[in-house]
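Novice: Provided below are the primary sequence and the corresponding predicted coordinates.
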2 protein chains.
Amino acid sequence: MQIDYKQAADIVRVCDNVHILTHQSPDGDTLGSAFALHFALSILGKRSLVLCPDEIPERYAFLYKNRVNNQENFEPDCVIAVDLADTGLMGNMRKIYEKKVSLCIDHHISNTMYADNTLVNPDASATCEVMYSLFSELGIKIDDNIARCLYTGIATDTGCFKYSNTTAEAHRICSELIQFDIDFASINREMFDIKSKQRFYLEQHIVDHMEYYFEGRCALLCITKDLCDKLKVDMEDLDGVASIPLQIEGTEVSVTFKEKESGVYKISMRSANSINVSHICQYLGGGGHVKAAGCIVKGTYEQARQQVLDAVGMVLGGQ
Amino acid sequence: MQIDYKQAADIVRVCDNVHILTHQSPDGDTLGSAFALHFALSILGKRSLVLCPDEIPERYAFLYKNRVNNQENFEPDCVIAVDLADTGLMGNMRKIYEKKVSLCIDHHISNTMYADNTLVNPDASATCEVMYSLFSELGIKIDDNIARCLYTGIATDTGCFKYSNTTAEAHRICSELIQFDIDFASINREMFDIKSKQRFYLEQHIVDHMEYYFEGRCALLCITKDLCDKLKVDMEDLDGVASIPLQIEGTEVSVTFKEKESGVYKISMRSANSINVSHICQYLGGGGHVKAAGCIVKGTYEQARQQVLDAVGMVLGGQ
């Protein structure tokens, strides 16, 4: 059932022992939302525990390390999922929790409404933005810990206010949040600037081996398993790789081949402007959004590439 | 003479024909301020002309192209300089204008107060933030053109709200500005993401040839004239290069050697944390800020490097 802020606040008020669930492959928004809620519940005198299906990457430790005390488990009287649009994103927690979520707080329009009660605002740039409004409804006075978490979620989901999903409300909220003692510049450095040496070498390889088609309007790159092994790159280090070609002047469409297994390629397409890559990927049996879509293509690399370029050409050629 | 917003508004009100000056090597803030002022003056029924000592790079054309009409010159009754802290930044316009600036609008604490009247707010993240307040004082209703300019200035001077100079006011103002029809996501892509292929190759070379000292805490890179020639890199393409090494995990201090002429190196130092590179550069005869400083070192590259590493070691070694 879809509920509003007031109803969500009513649910939170009657909880005492809360399990807070994040989605798998956790990012700044799901973790920021989860720990912000944990700190807010503490202020309300409630016990809570943040549960994540995967290990939380060390780069997010600043959100909770030496800030969250008691992490012993307990029997919950309420389970709240944050930024978790679909039970398929629960990973190894799915079996236990998929039918036990009392409240889901989210901003994804694709939320499958699996929870007993769902507070979802698709106009929000991040779940942390929804969380901020919920805390207002609950009358919670924001402190440094909460501000740090909410800022991190909003900043990471908007690419540091760079992307078109950034809302006026996101800026307004962060205008308030950066006045707390949160060292947002260090957070942004950690979230957006710092890369591992492996990542640098990977990007270097990508730029070096990028192929250009349609007079440079389409840039294509291929990441093989051999390459990952050679560069000692974790799958985690591949985040955001698909958008690198779009950084090059004149590129309108980027196509990234990732070798899943021999003869099977996962294709990620990104568009810099009005070109709808979702249409191209649909034609190839996949789907997605206007500016970010994907599909699976099989065959040798040469065959797969030709198939994809033919599909891209149908759109780029016709313009 | 330092003046306040009300006094600055009074000066603007009595002008009719205004020359607006930007600083040389124009950036988003000086151009955003200048064209925002031009559009505001148009609303007030005043004639104005933006003058820039250097050619305006094509990437800023969206601020004014097909938006500014009459660009014929005229005899001004008022000269207003924006984001121009020192007459030394007037380039080829210095001789004509250095003693003729009626009003300077700025945010640099280093402003030399060369103008008859100076409105400077060192707490502002950008001159465009000062400009916004001045427009409020003048009762100017912001439109799309003005919003686009002010947003660009604030976004570029704060690294898209990433750096510590980002103010609560900057977020608050941009919360309002992004509600205009300005396509801020495209602006940010143009300002922050897109690079020339030459720039990509340069960064690649840099990562490939970076030298690490003090257990990786100091990264050092050298850009020779030969390298620039080889990669066909303009000096314009060297912007921001000094901070690239700080993107690598574990790097605390970055040192960039730029070969000015044979045996003369311009050193740029950047600090990622509390290490004061201004102290190091002062020791070497230069100066600057805590996190960004510079100096000139002479000798062969090996000699210059040793000199610099000795100085860096005095700080890094002692920690």
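Specialist: Here it is on my side, so go on.
Novice: which stretches of chain A form strands?
Specialist: Counting by DSSP state E, chain A has these strands, from start to end: A:17-21, A:47-51, A:78-82, A:103-106, A:117-120, A:211-213, A:218-223, A:253-261, A:264-271, A:287-288, A:292-298.
Novice: Tell me the residues on chain A that lie near chain B, please.
Specialist: Counting by Cβ under 8 Å from any Cβ of the partner chain, the positions of chain A adjacent to chain B are A:155, A:160-164, A:166-172, A:174-176, A:178-179, A:184-185, A:188-189, A:192-197, A:200-201, A:204, A:207-208, A:246-249, A:272. Using the backbone N, CA and C atoms, a C-beta is placed for each residue, glycine as well.
Novice: Can you flag the buried ones in the residues you listed?
Specialist: A:155, A:160-162, A:164, A:166-167, A:169-172, A:174-176, A:178, A:184-185, A:188-189, A:192-197, A:200-201, A:204, A:207, A:246-248, A:272 (16 or more other Cβ atoms under 10 Å in any protein chain shown).
Novice: all helices of the stretch 1-150 of chain A, in order?
Specialist: A:5-14, A:28-43, A:94-97, A:127-138, A:144-157 (DSSP state H, counting those that start in this stretch).
Novice: Could you report the neighbour count for the residue nearest to A:Ile173 when sequence neighbours are not counted?
Specialist: The shortest distance from A:Ile173 to any non-neighbouring residue, by Cβ to Cβ, 6 or more residues apart in numbering or on different chains, is to A:Tyr132 (5.1 Å). A:Tyr132 has 29 neighbours, counted by other Cβ atoms under 10 Å in any protein chain shown.
Novice: Kindly report the same for the one 5 residues further on.
Specialist: A:Glu137 is surrounded by 17 other residues when neighbours are defined as other Cβ under 10 Å.
Novice: now it: how far from chain B?
Specialist: Computed with Cβ to the nearest Cβ, to the nearest Å, the distance linking A:Glu137 and chain B is 21 Å.
Novice: which residues touch that residue?
Specialist: A:5-6, A:8-9 (Cβ atoms under 8 Å, 6 or more residues apart in numbering or on different chains).
Novice: Any quick PyMOL command for the buried ones out of the residues you listed?
Specialist: Applying 16+ other Cβ under 10 Å to those, the buried members can be selected in PyMOL as follows:
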select buried, chain A and resi 5+8+9
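Novice: just the contacts of A:Glu137 now: which is nearest A:Lys258?
Specialist: A:Ala8 (38.5 Å; Cβ to Cβ).
Novice: buried sites along stretch A:232-250?
Specialist: Neighbour-count burial for stretch A:232-250 [16+ other Cβ under 10 Å]: A:233, A:237-238, A:241-248.
Novice: now, which of the residues you listed sits nearest chain B?
Specialist: Closest approach to chain B among the buried residues of stretch A:232-250 (Cβ to the nearest Cβ): A:Gln247, at 4.9 Å.
Novice: mind checking pLDDT for the closest one?
Specialist: Listed pLDDT for A:Gln247 reads 87.
Novice: For B:Lys195, see how far away it is.
Specialist: Remark: distance between A:Gln247 and B:Lys195 (Cβ to Cβ, to the nearest Å) = 5 Å.
Novice: same deal with A:Leu284?
Specialist: Taken as Cβ to Cβ, the span from A:Leu284 to B:Lys195 is 29 Å.
Novice: again with A:Val253
Specialist: With Cβ to Cβ as the criterion, A:Val253 and B:Lys195 are 17 Å apart.
Novice: and if you look at A:Cys78?
Specialist: A:Cys78 sits 49 Å away from B:Lys195, going by Cβ to Cβ.
Novice: now swap in A:Glu169 and tell me
Specialist: 31 Å.
Novice: what do you get for A:Gln198?
Specialist: 21 Å.
Novice: Also A:Ser278?
Specialist: From A:Ser278 to B:Lys195 the distance is 26 Å (Cβ to Cβ).
Novice: How about A:Glu302?
Specialist: 29 Å.
Novice: Tell me where the model's unsure across the stretch 101-250 of chain A.
Specialist: Applying pLDDT under 70 to the stretch 101-250 of chain A flags residues A:235-237.
Novice: change it to 80
Specialist: Applying pLDDT under 80 to the stretch 101-250 of chain A picks out residues A:196-197, A:234-240.
Novice: ends of stretch A:101-113, how far apart?
Specialist: 10 Å (Cα to Cα, to the nearest Å).
Novice: My error: substitute stretch A:240-249 in the last question.
Specialist: End to end - Cα to Cα - stretch A:240-249 spans 18 Å.
Novice: Contacts for it next, please.
Specialist: With Cβ under 8 Å, 6+ apart, stretch A:240-249 has contacts from A:202-203, A:206-207, A:210, A:219-221, A:223, A:251, A:254-256, A:268-270, A:272, A:292, B:189, B:193-197, B:200.
Novice: how distant is it from the center of its chain?
Specialist: Here stretch A:240-249 is found 18 Å from its chain centre; the criterion is Cα atoms, centre = their mean, to the nearest Å.
Novice: contacting residues around A:Pro26?
Specialist: Applying Cβ under 8 Å, 6+ apart, the residues contacting A:Pro26 are A:52, A:54, A:56-57, A:60.
Novice: quick one, phi psi at it?
Specialist: Note on A:Pro26: backbone dihedrals following degrees, to the nearest 10 are phi -60, psi 140.
Novice: what about A:Leu309, neighbour count?
Specialist: 17.
Novice: any idea how far B:Lys260 is from it?
Specialist: With Cβ to Cβ as the criterion, A:Leu309 and B:Lys260 are 46 Å apart.
Novice: next one: A:Asp29
Specialist: From A:Asp29 to B:Lys260 the distance is 46 Å (Cβ to Cβ).
Novice: So between these two, which is more surrounded?
Specialist: Neighbours per residue (other Cβ under 10 Å) separate A:Asp29 from B:Lys260, with A:Asp29 holding more: 29 against 12.
Novice: which residues touch the residue nearest to the more buried one when sequence neighbours are not counted?
Specialist: Counting by Cβ to Cβ, 6+ apart, A:Gly153 is the residue found nearest to A:Asp29 once chain neighbours are left out, at 4.0 Å. By Cβ under 8 Å, 6+ apart, A:Gly153 lies in contact with A:28-33, A:36, A:83, A:126-129, A:131.
Novice: Please tell me how far A:Gly153 sits from A:Ile146.
Specialist: Distance from A:Gly153 to A:Ile146, by Cβ to Cβ: 11 Å.
Novice: shared neighbours of these two, which are they?
Specialist: With Cβ under 8 Å, 6+ apart, A:Gly153 and A:Ile146 have common neighbours A:Ala36.
Novice: circling back to that earlier point, identify the farthest-apart pair in the contacts of A:Pro26.
Specialist: Across the contacts of A:Pro26 (Cβ to Cβ), the longest gap, 11.4 Å, separates A:Asp54 and A:Tyr60.
Novice: Comparing the two, which shows the higher neighbour count?
Specialist: More neighbours surround A:Tyr60 than the other of A:Asp54 and A:Tyr60, with 22 against 13 (other Cβ under 10 Å).
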